[in-house]
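Trainee: Quick one, structure for this:
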Amino acid sequence: MDLQLQGRTALVTGASAGIGTGIAEGLAKEGVRLVLAGRNAAKLEAVATAARGLGAPTVAIVTGDIATTAGCTAVAQAALAAAGGRIDILVNN
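Mentor: Numbering: from 1, shown residues only. Coordinates of the predicted model:
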């Protein structure tokens, strides 16, 4: 399916498991550049590897906990830096 998302950049929170992983994989198949956020770096690395294999042109990882305001700010700033200052799609999972 072509959702015409190729060339866009997405931040997916909670990407290390479950629905977040599924969303990241679906976006990867569409050619979306990904920033994957979560608390477990090892699990995020595994998702990143799979996403690259599915077609994501770039995948960055941001670890942090978005359960607090400070955590949200830190994750957002790191994601923007990893994405070159632009996020087109935000998935708060």
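Trainee: any idea how far residue 15 is from residue 8?
Mentor: Using Cβ to Cβ, to the nearest Å, we find residue 8 at a distance of 16 Å from residue 15. In short, each C-beta sits where N, CA and C put it, glycine included.
Trainee: more crowded one of the two?
Mentor: residue 15 (32 against 17; other Cβ atoms under 10 Å).
Trainee: Am I right that the more buried one is in a strand?
Mentor: No. Under DSSP: H, G, I helix; E, B strand; the rest coil, residue 15 falls outside any strand and is assigned coil.
Trainee: thinking residue 7 is in contact with residue 56, fair?
Mentor: No. Counting by Cβ atoms under 8 Å, residue 7 stays clear of residue 56, with 11.7 Å between them.
Trainee: For these two, list the residues in contact with both.
Mentor: 31, 33 (Cβ atoms under 8 Å, 6 or more residues apart in numbering).
Trainee: which residues sit against the helix or strand harbouring residue 11?
Mentor: Residue 11 is part of strand 9-13 when elements are defined by DSSP states H and E. Residues outside strand 9-13 that contact it (Cβ under 8 Å, 6+ apart) are 20, 23-24, 27, 32-38, 66, 75, 79, 83-84, 86-93.
Trainee: doesn't residue 14 make contact with residue 24?
Mentor: No. Taking Cβ under 8 Å as the definition, residue 24 is not a contact partner of residue 14, at 9.6 Å.
Trainee: So if I had to pick from those two, which one is more boxed in?
Mentor: More neighbours surround residue 24 than the other of residue 24 and residue 14, with 30 against 19 (other Cβ under 10 Å).
Trainee: next helix or strand past the strand holding residue 11?
Mentor: helix 18-29.
Trainee: Okay, angle between that next one and strand 9-13 too, please.
Mentor: For helix 18-29 against strand 9-13, the angle between stretch directions is 170 degrees (axes from the mean of the first three to the mean of the last three Cα atoms, to 10 degrees).
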